[in-house]
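**Student:** quick one, what's the 3D model for this:
(one chain, ligands or ions: 1)
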Amino acid sequence: MSTRAEASANPLAQIDWDYVEFYVGNAKQAAHYYMSAFGFEQVAYAGPETGVRDRASYVLEQNKLRFVLTASLVPDDTVSRHVALHGDGVKDVAILVEDVRSAFEAAVAGGARVVEAPAEVSDAAGRIVKATIATYGDTVHTFVQRDAYRGIFMPGYVEERKTLATQKPGLQFIDHCVGNVGWGEMDPWGDFYARVFGFSQLVSFDDKDISTEYTALRSKVMTDPRHRVKFPINEPAPGKKKSQIEEYLDFYRGAGVQHIAIRTDDIAETIRSLRANGVEFLDTPDSYYDMLEGRVGRIDEATEMLRDLRILVDRDDQGYMLQIFTKPLQDRPTVFFEIIQRKGSLSFGKGNFKALFVSIEREQEKRGTL
Ligand code: FE2
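**Tutor:** From the prediction side, this is the model:
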């Protein structure tokens, strides 16, 4: 347990999600997809029209979620090289902190590799302090300090609002953001978040928990003292066939963000809206719902509704949670979303891993990569 004194001694104790930036091949079209399919609103833009010569970025928001979609306008810069190697993917999981300089110093003292030292950027709306450190693969964390800024997002961006006529799914905020790392790298990256962020381990699963007949993975969850920011880290484990984590590592060409879990207060309405907007989800074997009440006991939701929408349920000693996973968000089978509603449970759906993996393996089989 952490005390108030420990929390104030750690400059990364009072943190929250700020934004997630995707590097993509065509940010204009990607923005349209996240707006039309997932109900985001565009709030800001940066590009040639605003004085940025080499890239275009669209800032999308929904409740407390903020995504930035960035594409390069030139053949050979950090954005275009990232997209060439990894395909569309998450570059930056940015973290809101109270004091960037002290957060950065603590991170570097913990062994973080520096990408960009603390710098101030300002415009008429005020001043932002930011700094960037490296994490697994080519992924980074930018620390953002906003206490002296009243603008829409950040200096360099102009407010430009667009909403599409589409079902609004009521997505609320990020619950957790999962990284896939290579064989034997889960523990070193778990240690990284302990040293660099002062995080502690919430829970771990080994390959006995998370395996099917064919494939397996190991996972541990690192979190801040207030449990706002949770980073599960997965590594592949040996199985008869290729682990879904290995498939990700092959297609992404290394470690990276596997999924972003997004909270909702009403998963049935959320999934109905997302399905109406054309979002595709992983399917779940019908037998899962025949066994559901026996596995999780009585819950508020009707089994038939859950079966219709293919929503998964898991229970722990605190309560239960409902979750469902989208198919990959781009052509490569890499990053995807999880939609999650918690009813007391703090878990990550351990009891669903097996049901989920059977389903993922069916998709892998179709791609010929099992
Ligand atoms: Fe998850």
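**Student:** mind checking how far Ala119 is from the ion?
**Tutor:** From Ala119 across to the ion, the span is 33 Å (Cβ to the ion, to the nearest Å). The way it works is simple: take the backbone N, C-alpha and C, and place the C-beta from them, glycine included.
**Student:** by contact count, what packs against the helix or strand that contains that residue?
**Tutor:** Here Ala119 sits within strand 114-123, counting by DSSP states H and E. In terms of contacts (3 or more Cβ pairs under 8 Å, 6 or more residues apart in numbering; DSSP states H and E), strand 114-123 is packed against helix 100-109, strand 126-134.
**Student:** tell me which of those lies nearest to Pro75.
**Tutor:** Among those, strand 126-134 comes nearest to Pro75, with 23.8 Å by Cβ to Cβ.
**Student:** what lines up beside the closest one in the sheet?
**Tutor:** strand 114-123 (antiparallel), strand 140-149 (antiparallel) (DSSP bridges).
**Student:** with respect to Asp191, which of the helices and strands packed on strand 114-123 lies nearest?
**Tutor:** Asp191 lies closest to helix 100-109 among the helices and strands packed on strand 114-123, at 13.7 Å (Cβ to Cβ).
**Student:** so for the closest one, what gets flagged as buried?
**Tutor:** 100, 102-104, 106-107 (16 or more other Cβ atoms under 10 Å).
**Student:** report the inter-axis angle for it versus strand 114-123.
**Tutor:** Orientation check (axes from the mean of the first three to the mean of the last three Cα atoms, to 10 degrees): helix 100-109 against strand 114-123 gives 170 degrees.
**Student:** how about Val108: what's its closest non-neighbour residue?
**Tutor:** Val114 (6.3 Å; Cβ to Cβ, 6 or more residues apart in numbering).
**Student:** so what pairs up with that neighbour in the strands?
**Tutor:** With DSSP bridges as the rule, Val114 is bridged to Ile133.
**Student:** next one: Lys230
**Tutor:** Thr223.
**Student:** contacting residues for it?
**Tutor:** Counting by Cβ atoms under 8 Å, 6 or more residues apart in numbering, Lys230 makes contact with 175-177, 202, 221-223.
**Student:** near the ion, which residues of the protein show up?
**Tutor:** 261, 338 (Cβ under 5 Å from the ion).
**Student:** okay, and for the stretch 101-250 of the chain, where does confidence drop off?
**Tutor:** Applying pLDDT under 70 to the stretch 101-250 of the chain flags the ranges 204-215, 240.
**Student:** try 80 this time
**Tutor:** Scanning the stretch 101-250 of the chain for pLDDT under 80 picks out the ranges 203-216, 239-242.
**Student:** and for the stretch 251-370 of the chain?
**Tutor:** Checking the stretch 251-370 of the chain against pLDDT under 80 turns up 350-351, 353-364, 370.
**Student:** number of nearby residues for Arg161?
**Tutor:** By other Cβ atoms under 10 Å, 11 other residues sit near Arg161.
**Student:** mind listing what it touches?
**Tutor:** Counted by Cβ under 8 Å, 6+ apart, Arg161 has contacts 41-43.
**Student:** so the chain: which segments form each domain?
**Tutor:** 3-162, 171-367 (automatic domain parsing).
**Student:** give me the three-state assignment for Gly190.
**Tutor:** Classification of Gly190 using DSSP: H, G, I helix; E, B strand; the rest coil returns helix.
**Student:** you'd agree it is up against Thr223?
**Tutor:** No. Counting by Cβ atoms under 8 Å, Gly190 does not reach Thr223; the two are 11.0 Å apart.
**Student:** overlap in contacts of these two?
**Tutor:** Joint contacts of Gly190 and Thr223 (Cβ under 8 Å, 6+ apart) are Gln201.
**Student:** give me the more crowded residue out of the two.
**Tutor:** Between Gly190 and Thr223, Gly190 has the larger neighbour count (other Cβ under 10 Å), namely 23 against 20.
**Student:** host element of the residue nearest the centre of the chain?
**Tutor:** Residue closest to the average C-alpha location in the chain (Cα atoms, centre = their mean): Ile260, at 2.3 Å. Applying DSSP H and E as the criterion places Ile260 in strand 256-263.
**Student:** so what touches that strand?
**Tutor:** With Cβ under 8 Å, 6+ apart as the test, strand 256-263 has contacts from 20, 65, 86, 89-90, 93, 136-139, 171-180, 234, 245, 248, 323, 325, 334-342.
**Student:** out of the residues you listed, which are buried?
**Tutor:** Here, 16+ other Cβ under 10 Å leaves 20, 65, 86, 89-90, 93, 136-139, 171-172, 174-180, 234, 245, 248, 323, 325, 334-342 buried among the contacts of strand 256-263.
**Student:** now the spatially closest residue to Gly278 that is not a sequence neighbour: how far from the ion?
**Tutor:** Distances taken as Cβ to Cβ, 6+ apart put Ala37 closest to Gly278, at 5.8 Å, once the chain neighbours are dropped. Going from Ala37 to the ion by Cβ to the ion gives 20 Å.
**Student:** hmm, Arg275 and Ala37 touching each other?
**Tutor:** No. Ala37 is beyond contact range of Arg275, at 10.1 Å (criterion: Cβ under 8 Å).
**Student:** state the distance from the residue of the stretch 151-300 of the chain found nearest the ion to Arg66.
**Tutor:** Closest contact between the stretch 151-300 of the chain and the ion, by Cβ to the ion, is at Ala261 (4.3 Å). According to Cβ to Cβ, to the nearest Å, Ala261 stands 16 Å off from Arg66.
**Student:** and for Thr78?
**Tutor:** The value you get for Thr78 to Arg66, if Cβ to Cβ is used, is 21 Å.
**Student:** more neighbours, those two?
**Tutor:** For Thr78 versus Arg66, the count of surrounding residues by other Cβ under 10 Å is larger for Arg66: 22 against 13.
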